[in-house]
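# Turn this into a model:
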Amino acid sequence: ACAQTCPPEAMVFGNMADPESRVFRLSRSTRRFRLIEDLGTDPSVIYLKGGGHEHVR
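Just a heads-up that it's a prediction; the model follows:
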């Protein structure tokens, strides 16, 4: 539902175990961060900082 109502490409879903998937490549971006990761919570959501468009193929 969220992926259908959010602006285009605001949310990306995919297989994190597949190095060929877009979500895998985005998760390796220098713009990535996780909330309260330093507390050892091991969050499963990865956010990308703003600041332009990053096109990953």
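# low pLDDT regions in this structure?
Applying pLDDT under 70 to the chain flags residues 1-4, 6, 51-57.
# Report the separation between the residue nearest to Y47 when sequence neighbours are not counted and P43.
Here the nearest residue to Y47 in space, its sequence neighbours aside, is F33; by CB to CB, 6 or more residues apart in numbering that works out to 5.5 Å. The way it works is simple: take the backbone N, C-alpha and C, and place the C-beta from them, glycine included. Going from F33 to P43 by CB to CB, to the nearest Å gives 10 Å.
# R22 now?
Counting by CB to CB, the gap from R22 to P43 is 20 Å.
# Of these two, which one has the most company?
R22 (15 against 12; other CB atoms under 10 Å).
# before we move on, back to that, check contacts around the residue nearest to Y47.
By CB atoms under 8 Å, 6 or more residues apart in numbering, the contact set of F33 is 46-49.
# okay, those residues in JSON lines with secondary structure and distance to P8 next?
Output for those, formatted as JSON lines (DSSP: H, G, I helix; E, B strand; the rest coil; distance: CB to CB, whole Å):
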{"residue": "I46", "secondary structure": "coil", "distance to P8": "19"}
{"residue": "Y47", "secondary structure": "strand", "distance to P8": "17"}
{"residue": "L48", "secondary structure": "strand", "distance to P8": "15"}
{"residue": "K49", "secondary structure": "coil", "distance to P8": "19"}
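# what about I46, how many residues close to it?
I46, neighbours per other CB under 10 Å, totals 18.
# how close does the residue lying farthest from the centre of the chain sit to I46?
Here the centre of the chain is the reference, and by CA atoms, centre = their mean the most remote residue is L39, at 19.9 Å. Distance, L39 to I46, using CB to CB: 16 Å.
# Same check on R34?
Counting by CB to CB - R34 and I46 are separated by 6 Å.
# again with E37
Counting by CB to CB, the gap from E37 to I46 is 10 Å.
# Likewise for P7?
P7 is 18 Å from I46, by CB to CB.
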